[in-house]
Every structure is written in structure tokens, then in C-alpha cells.
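Participant: can you look at this prediction? I've put the sequence above it.
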Amino acid sequence: MLNLVSADEAVRLIKDGDCIALNSFVGIENPVDLHEAIHRRYRAEGSPAHLTLISAAGFGVWDRDRSAEGYIRDGACDVLICGHFGAMLSTKELVLEDRFEAYNLPLGSIEHAIRAQAGGLPGSLSKVGLGLFVDPDLEGPAINQMSRGTELSRKLVQKVTLDGEEFLYTKLPRITAALIKASKADRFGNVSLCDEYLKGDALSIAQAAKANGGTVLVQVDEVTEEHIHAQLVDIPACLVDAVCVSAERETREPLEALKGGQAIPRAGLPAHLDAINALTAAGKKQNAASDIIGERASRELRAGDVVNVGIGIPESVSKYAEQSGLMEKITMTVESGATGGLPASGTVFGSMIGADSVYTMAQQFDFYNGGGLDICFMGGLEADRFGNVNAHRGPGAFSGVGGFSNITCNTRTVVFCMTFNTKGLKVSRGDDGSVAILQEGSVPKFVGKVRSISFSGESAVRSGQRVLYVTERCVFELTEKGMKILEVYPGIDAQNDIIEKLPAEFAAELEKNM
């Protein structure tokens, strides 16, 4: 039956030392009221303390003083395990200050390990991560100094061999509590996520907590007297310990297009995206470099392709796919579990405008890991002469790898969309399509060796993937003989604008393969 309580009453079920799994995606679907109730209790009582927090896609609301940021900063958390840290503005700074143990794993690996616990298994196997930073033979999952060499670091990701094949085995701590944001509960206590932007893995998280004798807390927008249709119930009442109603329910008309309740013709998607961008600070003015990259990258699309487009510069691919008429002939996906429609960005990254279907993240990563994507367009912080890409860790900062490694692991064609350099780069494109470099950036993005590997060029060559690196001045291609220049844009001098601006070994390899 429904146990309807306040958020403050609900979090009294959280105990010191609990391992809490969160059903959230970067900045959306966070049970903010429950997080802030934990913070109030912690400030008043010093409890719950010594918490471990697990979130496959990360959590936060792009505000350093809201949601879980407060109790993490005040010391309630001992361990944090996340796929992405982007929306956690305060927390990701504290990680680098060694305030608590912190670990980063591919999003899909965390999802599948949670699902394993729901089924009574200790962990899950995957080939994703082999040869990448998370591989124990390289760096392992630890982010900061205090996490390196710990017992948890050694157990979290292990390399194993079965039937002569290598795998990474991900074993999370036992989940003993779950915090979930949902749309509604009925008077019987059944819960539905029918009006959320995504499902995440709410059911697996709840099942994992209950399998370990733990607690499931759900924050909903409303409680209805009507029985929720069985096909719309995401978490049955028997798995839910307490339900609280959101203190505020924000409704902004353009965001209704993200909930999947209305059919939107493909031709109408860009107009909806513009309206959503105006609300979510995603309407950044495109610069010439992004336009050049997006237009060239979009030419790799083919009718019938199943696609994933990353955040940042790759988003410009959608603009040119729309202009060319291809948008209606391809299927977009996002790692949160939506398929069909147009991905949204900004503070609602992870949602889909006019989605055809929304299923769980674990199911989406089954699809990605199994090679279901025809092509993906991803950003990158840096790439090297071996074709490796670092997308998760910069100097003195990090965001986490998120779904990047899963998305790129088995996709037939991988297109990295990144400028040749950054910090001050200015370019222009003439009416005839020629490109002029007006000012070089001060920070190179094509380097001798990346500082951390999110994508392995060696693995890509071995598996036969087609890999391109599209910049504002040229296109590189990864081959069995190494990196080569596939294309130089009109107006660009290959020697002066490309080769002479690369590290010596990188430049020598390109000249060898010309």
C-alpha cells in the first residue's frame, strides 16, 4: 500500500553507511526534495553519514547549492561512483581536492552492474573499457589520489579471462537504498515515470536495493486516486517503502515536447528545439568552426542510419542533417534510452524531442555494446597520432567519460568532431567554401600522446571500425598504418596550417602516410 510521507520523514529511512543508487541523468530527473531533506537531516543530526553514492549518468542540477551538493560538501559522503560529473558543479571540484573517494566508469558498465545486483549477481562482464583508462592495466577507475590503490578500486573493475577471452568485470558495492524521481503514484503505491523525460533504470535500481534488504524512496509530482494502468507502472508498490510529493512542480510549455506524450512531425522538430534552447541556455551561437565541422561531418550520414550525436560541436551535425533533408531518413538515439526524434541539449541534455520510444538505459547500452549504431558523432578534448581520444579529463579538471566509451566501442563509423586547437581560435568561411584561419588557438587538441584514453585507436583498427577526425581545416582518418590526412579544405595549406603545427612525431607519421 501507499506510504505517503513528507520528504523529511522519508529520508529518516536512510541509515549511516548506506550505499545509495540514484536514478538520474546528468541534470535531469533528480529527486531534489529528497536530496535536500538528507542535507537538512545531516546538518541537524550529523546523520546519515559515511554514504556511498552511485549514479550511472551522474546527478546534480547545474547549481552548486542545490540537490545533493550541500550534504556532499558538508561531509556526508565517503565514496562517489559516477559515469559523469558535469552537472555536479561543487562536487567535481571537491573530488580533485581529495575530499572523498571518487571513481569514474563507463556509464553502461555501471548500469549493467546495477542490473546484475537486481538479479542477485555480484557484477557484470563487458569488453567496453579494455585498453581504456578504466582498465586496471592502465589507470583504473580511481579519479583522485585518495582513491588509488584502495580495496574498492581493486574490486570495482577487474580484468578476467573466460574461454580465452578478456573482459572487464564491474562489481559495485551492495546497493542498500534507492532514490528515484517519478511522475505519479496511485493510491495503491504503484509508481509510474510516464511523464518523465526518461526512465533511466528506476526498476533495476529499486530491485537491487530490495535484493540487498534495502530501502526505496520515490519522489513524485502527484498521487492519483485512479489505478495506474498496469502497462504504465514502472515500479510496483511492493518495491516502494515511501513516497513523497514534490514541493514544486515546474511546468514550462516547450518542455512538454520532451515527455513523449505528443506526436511531433519530423519537420516540426527544429522549431521545438529552438523553443527549448531558449529556456535551457542551450541556444549558444554557432561559430564558424562549429559550422564547418558540422557541415562536413554530416556528409557521412546515409539514409537509414541509426545515429548518436554527442553534446557540443557534434550537435551542429543535426542542423545540417535537417538542411539536407536527411533528418527524416535517419533514426537518432540518446544514451538515456530514447530512440527517434531530435536530441535536446543544455540543462535537459539526455532528453529527446518527439521520441518514438523510451526504454531503459541498460537496454540502450545493450544496443550500443552490441554494435547497433551505424554512426556516431562525438567530441573530444584531445587526440593523438595513435588515434586515441581523451574525452573525459583535462588538465586540472574532469567531467567523466559518461556513455562515450560505450557509444564508440562497436559503432561501425565513428566521427570525432573537434577543432584543431582551442582557446582563441578564429576562422572564417567564404561564399566559395574556402576556409581562412584568422587566429590560431593557444591550446593544441592534436597531441603526441593523450593524457588519458577514452577511445582506443588500436582497438578500433583491430575491430575494423572506420574512424574520422573532422576539424575546421581538414579531416584525419585512422588507418592500419596510422593517422593520415584524408581531406584538406579549400584555402588551407597542408604544410603551414596542419603539419607544421603538430608534434614532430605526429607530423612525421602524416607525411609518411600522404
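Facilitator: Received, thanks. Numbers count the residues shown, from 1 in each chain.
Participant: going by C-alpha atoms from here, please, whenever you check contacts or count neighbours.
Facilitator: Noted.
Participant: next, the buried residues of stretch 48-67.
Facilitator: For stretch 48-67, burial by neighbour count (16 or more other CA atoms under 10 Å) applies to 48-62, 64-67.
Participant: poorly predicted segments of the stretch 201-350 of the chain, please.
Facilitator: Along the stretch 201-350 of the chain, the model assigns pLDDT under 70 to residues 250-254, 261-262, 266-267, 279, 281-286.
Participant: which stretches of the stretch 101-250 of the chain form helices?
Facilitator: 107-118, 151-156, 202-211 (DSSP state H, counting those that start in this stretch).
Participant: just the chain next, same as before
Facilitator: Counting by DSSP state H, the chain has helices at residues 7-10, 32-45, 69-74, 91-96, 107-118, 151-156, 202-211, 269-280, 288-298, 316-324, 361-369, 404-409, 457-463, 504-512.
Participant: quick one, phi psi at the residue nearest to residue 212 when sequence neighbours are not counted?
Facilitator: In this structure, residue 212 finds its nearest non-sequential neighbour in residue 176, 6.0 Å apart by CA to CA, 6 or more residues apart in numbering. Per-residue torsions, residue 176: phi -120, psi 0 (degrees, to the nearest 10).
Participant: give the contact list for residue 176.
Facilitator: Contacts for residue 176 were tallied using CA atoms under 8 Å, 6 or more residues apart in numbering; they are 18, 19, 20, 21, 208, 209, 210, 212, 213, 214, 215.
Participant: pretty sure the fifth one is touching residue 114, no?
Facilitator: Yes - using CA atoms under 8 Å, residue 208 is in contact with residue 114, at 6.7 Å.
Participant: more neighbours, those two?
Facilitator: A direct count of neighbours by other CA atoms under 10 Å for residue 208 and residue 114 places residue 114 higher, at 33 against 29.
Participant: enumerate every residue touching that one.
Facilitator: 123, 172, 204, 205, 208.
Participant: next one: it from residue 407, what distance?
Facilitator: 19 Å (CA to CA, to the nearest Å).
Participant: again with residue 328
Facilitator: In terms of CA to CA, residue 328 sits 22 Å off from residue 407.
Participant: same question for residue 176.
Facilitator: For residue 176, the distance to residue 407 - CA to CA - is 29 Å.
Participant: and the residue most central in space within the chain, backbone torsions?
Facilitator: Closest residue to the average C-alpha location of the chain: residue 402 at 3.6 Å, with CA atoms, centre = their mean. Phi and psi for residue 402, reported as degrees, to the nearest 10, are phi 50, psi -140.
Participant: over to residue 24?
Facilitator: According to degrees, to the nearest 10, residue 24 has phi -150, psi 170.
Participant: tell me the pLDDT at the residue nearest to it when sequence neighbours are not counted?
Facilitator: Nearest residue to residue 24, sequence neighbours excluded (CA to CA, 6+ apart): residue 30, at 5.2 Å. Per-residue confidence at residue 30 stands at 94 (pLDDT).
Participant: quick check, residue 30 in contact with residue 181.
Facilitator: Yes - with contact defined as CA under 8 Å, residue 30 reaches residue 181; the gap is 5.9 Å.
Participant: overlap in contacts of the two?
Facilitator: Listed as contacting both residue 30 and residue 181 by CA under 8 Å, 6+ apart are 23, 24.
Participant: these two: who's more crowded?
Facilitator: residue 181 (30 against 24).
Participant: tell me the contacts of that one?
Facilitator: 23, 24, 29, 30, 31, 193, 218, 219, 220.
Participant: now those residues as CSV including distance to residue 187?
Facilitator: Formatted as CSV, the contacts of residue 181 follow (distance: CA to CA, whole Å):
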residue, distance to residue 187
23, 23
24, 25
29, 22
30, 23
31, 20
193, 16
218, 14
219, 15
220, 13
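Participant: of these, closest to residue 506?
Facilitator: residue 24 (40.5 Å; CA to CA).
Participant: for the closest one, give me the pLDDT.
Facilitator: pLDDT at residue 24 comes out at 94.
Participant: can you give me the neighbour number for it?
Facilitator: For residue 24, using other CA under 10 Å, the count is 25.
Participant: and the gap between it and residue 48?
Facilitator: 21 Å.
Participant: check residue 325 too.
Facilitator: Taking CA to CA, one finds residue 325 at 54 Å from residue 48.
Participant: start to end distance for stretch 81-89?
Facilitator: Span of stretch 81-89 from end to end, CA to CA: 16 Å.
Participant: so how far is it off the chain centroid?
Facilitator: 9 Å (CA atoms, centre = their mean, to the nearest Å).
Participant: pull out the buried residues from it.
Facilitator: Those would be 81, 82, 83, 84, 85, 86, 87, 88, 89, for stretch 81-89 by 16+ other CA under 10 Å.
Participant: what is the lowest-pLDDT residue among the residues you listed?
Facilitator: residue 86 (89).
Participant: please report phi then psi for it.
Facilitator: phi -60, psi -40.
Participant: do a quick rundown of the strands in the stretch 401-514 of the chain.
Facilitator: With strands called from DSSP state E, counting those that start in this stretch, the stretch 401-514 of the chain shows them at 413-417, 421-422, 426-429, 435-439, 443-444, 446-447, 466-470, 474-479, 482-488.
Participant: isn't residue 445 up against residue 420?
Facilitator: Yes - using CA under 8 Å, residue 445 is in contact with residue 420, at 5.7 Å.
Participant: skipping its backbone neighbours, what lies nearest residue 155 in space?
Facilitator: residue 171 (6.5 Å).
Participant: please tell me I have it right and that neighbour contacts residue 113.
Facilitator: Yes - using CA under 8 Å, residue 171 makes contact with residue 113 at a distance of 6.4 Å.
Participant: shared neighbours, the two?
Facilitator: By CA under 8 Å, 6+ apart, the residues touching both residue 171 and residue 113 are 122, 123, 124.
Participant: nearest to residue 288, of those residues?
Facilitator: residue 124 (43.9 Å).
Participant: which residue sits farthest out from the middle of the chain?
Facilitator: Distance from the C-alpha centroid of the chain, by CA atoms, centre = their mean, peaks at residue 432 (37.5 Å).
Participant: from residue 489, how far off is that one?
Facilitator: Applying CA to CA to residue 432 and residue 489 gives a distance of 11 Å.
Participant: now do the phi/psi pair for residue 197.
Facilitator: Dihedral angles (degrees, to the nearest 10) for residue 197: phi -70, psi -20.
Participant: count the neighbours of the nearest residue to it once chain neighbours are set aside for me.
Facilitator: Excluding its sequence neighbours, the residue lying closest to residue 197 (CA to CA, 6+ apart) is residue 259, at 5.0 Å. Residue 259 has 19 neighbouring residues, counting by other CA under 10 Å.
Participant: perfect, I'm done here.
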